[in-house]
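1. I would like to see how this sequence folds:
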Amino acid sequence: MQKVKHIAVAGNIGAGKTTLTELLSRHYGWEVLYEDTTTNPYLADFYNDMHRWSFNLQIYFLNSRYRQILDIRKGNQTVIQDRTIYEDAHIFAPNLYEMGLMTERDFKNYIELFRLMSSQVDAPDLLIYLKSGIPKLVEHIQTRGRDYEGNMSLDYLKGLNERYENWINNYKEGNLLIVNNDKLDFKNKPEDLGLIIEMVDRELHGLF
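-> Sure, this is the predicted structure:
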């Protein structure tokens, strides 16, 4: 039986992806690959001028996640990844395009590149989707207090959430676990984390 190598956590901005990724990594002994937000050279500029920097940001993330997947499949460790290559292409880039923040030329170029890259890599063995409503997202965003997220509008978050729901409802690439996060506090309540671990265990038993 082939070893499970790639677990991924998906969810909107502020859903708690990084926190859950860290907690599951600690519990299972998995290696972690984080979303590149600390060294990303475009992120702060993007939130200050989305129209100017949207294409640059999406290409950077696409390249970063593509390289992560290649490294995961070449390695021998089980890896949990914070956010997936699919989210950029199915949620963030189309949302920017429809909001008029990415040109049609750039959007088509991006999608063609995504299709080429995604055809060359495997989907995660298990995708964990953190489903969160807008109030939960706003609470998390305000709590962590990142300066570059201060300009984010509710309409922007709502648009992303709608796209996440559409994507997940049509996700066919691999195994999927949906975790409704609105009433959970897995960061501070061990019993809530335990519920998620039980859910993940059930999924993993079907994969190993």
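2. And the helix or strand bottoming out on mean pLDDT in the chain, what's buried?
-> The least trusted helix or strand in the chain, going by mean pLDDT, DSSP states H and E, turns out to be helix 134-144, with a mean of 78. The neighbour-count check on helix 134-144 (16 or more other CB atoms under 10 Å) flags 136, 137, 138, 140, 141 as buried. For the C-beta atoms, the positions are set from N, CA and C on the backbone; glycine is no exception.
3. Test my guess that the second one contacts residue 17.
-> No: at 11.3 Å, residue 137 does not count as touching residue 17 under the criterion of CB atoms under 8 Å.
4. Find the residue closest to the residue nearest to the spatial centre of the chain in space, skipping its chain neighbours.
-> Centroid-nearest residue in the chain, with CA atoms, centre = their mean: residue 83, separated by 2.4 Å. Among residues not flanking residue 83 along the chain, residue 35 sits closest, at 4.5 Å (CB to CB, 6 or more residues apart in numbering).
5. gap between the one you found and residue 86?
-> 13 Å (CB to CB, to the nearest Å).
6. what helix or strand is residue 129 on?
-> strand 126-131 (DSSP states H and E).
7. So what angle separates the directions of that strand and helix 134-144?
-> 100 degrees (axes from the mean of the first three to the mean of the last three CA atoms, to 10 degrees).
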